[in-house]
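K.L.:
Got a predicted structure here, sequence first:
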Amino acid sequence: RAGASVGRVRGRSRAPACRSARRTWAPWLLVLAGLACLYVPTYVDLARTLWRDDAYAHGPIVLGVFAWLVWRGRNALVRLPQSPAPVAGAVLFAGGLLLYLIGRTQSLPVFEVASHIPVIAGLLLLLAGRRALREFAFALVFLAFLVPLPGFVMDAITVPLKGLVSMSVEALLNLGGYPVERSGVVLTLDGHDMLVA
């Protein structure tokens with residue numbers, strides 16, 4: 001009888017704990033559903049267009065790693081004491097939604113994809129506070145690699161890098177005793193042209 005009553009007491013204490021855990025995760029499940037409704041069409045469009053281009057083919061990998069980083073740190077959403085920052089969160093969230101709206105309606109994937117960061121950061125602030133935002137800061141910064149940069153930005157970054165690589169290769173080949181000529185980013189070795197792309 002004593003054992004049965006202890007079992008009933010334990011069972012009763014477990015049930016509220018399970019309900020409490022479900023209640024704690026409930027807002028985050030709603031957030032996840034909302035984010036899916038908002039961004040799955042974006043991912044479908046990216047899969048049909050930009051992610052087929054070699055320059056942006058890393059997008060699904062970045063998204064997968066971001067999802068893993070969030071999954072790995074998910075317990076922090078429940079464990080950390082919740083002290084929401086409603087003003088900062090609302091400003092970030094509203095700004096992110098505006099960015100998304102402009103990107104989606106004007107077919108500007110840069111804005112549409114970049115909106116992930118303020119939307120998610122705003123939700124973290126609204127529901128959990130600054131400590132949760134700090135906990136997921138690396139994941140959000142990593143998510144910036146998902147943003148497709150415009151061509152002129154890519155050129156501004158890659159052209160100097162290509163020049164540096166071609167000069168380095170020329171110097172290494174000359175050190176190795178190979179006669180090489182360089183014209184911009186084109187290296188000529190034994191009558192064969194190699195383009196640093």
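P.N.:
Now that the structure is in, tell me what you want to look at. Fair warning: this is a prediction, and the values are worked out from it, not measured in the lab.
K.L.:
okay, CA-based contacts and neighbour counts for the rest of this
P.N.:
OK.
K.L.:
which stretches of the protein aren't confidently modelled?
P.N.:
Scanning the chain with the threshold set as pLDDT under 70 gives 1-23.
K.L.:
What segments of it are strands?
P.N.:
Ranges of strands in the chain, per DSSP state E, are 180-183, 186-189, 192-195.
K.L.:
Report the distance from the second one to the chain centre.
P.N.:
When distances are taken as CA atoms, centre = their mean, to the nearest Å, strand 186-189 is centred 38 Å away from the chain's centroid.
K.L.:
Return the distance of the residue nearest the centre of the chain relative to residue 49.
P.N.:
For the chain, residue 143 is the residue whose C-alpha lies nearest the centre (CA atoms, centre = their mean; 1.8 Å). According to CA to CA, to the nearest Å, residue 143 and residue 49 sit 19 Å apart.
K.L.:
thinking again about what came up before, check the gap between the residue nearest to the centre of the chain and residue 57 for me.
P.N.:
Counting by CA to CA - residue 143 and residue 57 are separated by 15 Å.
K.L.:
Equivalent analysis for residue 42, please.
P.N.:
From residue 42 over to residue 57 (counting by CA to CA), the distance is 15 Å.
K.L.:
The two: which has the busier surroundings?
P.N.:
residue 42 (18 against 15; other CA atoms under 10 Å).
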